[in-house]
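Whatever this is, show me its structure:
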Amino acid sequence: MYYDEQSVAQQVKLGTHRQLVGGMWEQIGALQLAFMKKIGLRPDDLLLDVGCGCLRGGVKFVEYLNRDNYFGIDISQSLLNAGYDQEISANEGLVAKLPRQNLRCVDTFDAASFGKEFDYAIAQSVFTHLTLNSIRQCLENLPRVIKLNGKFCATYFRIADGQPSGLPQQNRFGVVTYGYKDPYHYRVADFQHLIRGLPWAIEDELEWDHPRGQRMLVFSKTDTTI
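Residues are numbered from 1 along each chain as shown. Okay, the predicted model is just below:
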């Protein structure tokens, strides 16, 4: 669905952009901000929202951060437009804090065109829809724009290390995940493998009260050579 821009654009025209990104608009938006504040996000930090969609978390982050400190990338221009035109523009205070050029449509997780180095990045409900190869591309491109010791937080559906990835899994929230189709599940060991040779360390892996049972990985940038 997310890769079919025509279909996304049709849904946006129907006014269903909030549902398109998973609903639970206020709950998950507030949850993202609370988590990032808990791990150290301050108003004067620069934040990159990876797969920001129509700004479910973005609205909360823009409210909290200083002017011009929030940036977002997404594969869908239609969702970005809906986020700015229908969510940000509804509040004059948010418009004043978020230049429209801080939102960009990219399909390679490349945020270098902003010309910024970010203190934090977050990818909420992104890895849950991606293959390992696409996740690797994300982990390869992001270090170019993250400060040394900066943190990248990404949600995912977890399976135990000893569980076959090919078997569907239903978590306690009722979500069924797969190793071969969306929504995907992964082991922590899969991410440890993906970051080999990259300037990342997995700093933490934890539960964060997500209403669908997604867990949070916290990556820390460890080197500046890439």
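
can you point me to the longest strand in this structure?
strand 146-158 (DSSP state E).

which helices and strands does that strand pack with?
strand 47-50, strand 118-123, strand 185-186, strand 200-206, strand 215-221 (3 or more C-beta pairs under 8 Å, 6 or more residues apart in numbering; DSSP states H and E). All C-beta atoms are positioned from the backbone trio N, CA, C, and that covers glycine.

Count the neighbours of residue 43 for me.
Close neighbours of residue 43, defined as other C-beta atoms under 10 Å, add up to 11.

Make CSV out of the helices and strands packed on strand 146-158 and add mean neighbour count and distance to residue 26.
Output for those, formatted as CSV (neighbours: other C-beta atoms under 10 Å; distance: least, C-beta to C-beta, whole Å):
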stretch, mean neighbour count, distance to residue 26
strand 47-50, 25, 17
strand 118-123, 23, 17
strand 185-186, 22, 27
strand 200-206, 15, 23
strand 215-221, 20, 19
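
sorry, back to before: what angle sits between the longest strand of the chain and strand 200-206?
Calculated by axes from the mean of the first three to the mean of the last three C-alpha atoms, to 10 degrees, strand 146-158 forms an angle of 40 degrees with strand 200-206.

hang on, the earlier thing: of the helices and strands packed on strand 146-158, which approaches residue 178 most closely?
Closest to residue 178 of the helices and strands packed on strand 146-158 is strand 185-186 (C-beta to C-beta; 6.7 Å).

Quick one: the helices in this protein, in order.
5-13, 17-20, 25-38, 58-64, 77-82, 92-97, 132-141, 188-194 (DSSP state H).

And those: which comes nearest residue 46?
Using C-beta to C-beta, the nearest of the helices of the chain to residue 46 is helix 58-64, at 10.9 Å.

Other residues contacting the closest one?
Contacts to helix 58-64, defined as C-beta atoms under 8 Å, 6 or more residues apart in numbering, come from residues 29-30, 32-33, 36-37, 41, 43, 47, 49, 52, 55, 70, 72, 83, 87-88, 93-94, 97-98.

Those, buried ones only, as a ChimeraX selection?
One line in ChimeraX is enough to select the buried ones among the contacts of helix 58-64; burial here means 16 or more other C-beta atoms under 10 Å:
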select :29,32,33,36,41,47,49,52,55,70,72,83,87,88,94,97,98
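
hang on, the earlier thing: turn the helices of the chain into a markdown table, including mean pLDDT and distance to residue 152.
Below are the helices of the chain laid out as a markdown table (pLDDT from 0 to 100; distance: least, C-beta to C-beta, whole Å):
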| stretch | mean pLDDT | distance to residue 152 |
| --- | --- | --- |
| helix 5-13 | 83 | 25 |
| helix 17-20 | 84 | 24 |
| helix 25-38 | 96 | 11 |
| helix 58-64 | 97 | 15 |
| helix 77-82 | 94 | 21 |
| helix 92-97 | 94 | 23 |
| helix 132-141 | 97 | 8 |
| helix 188-194 | 96 | 11 |
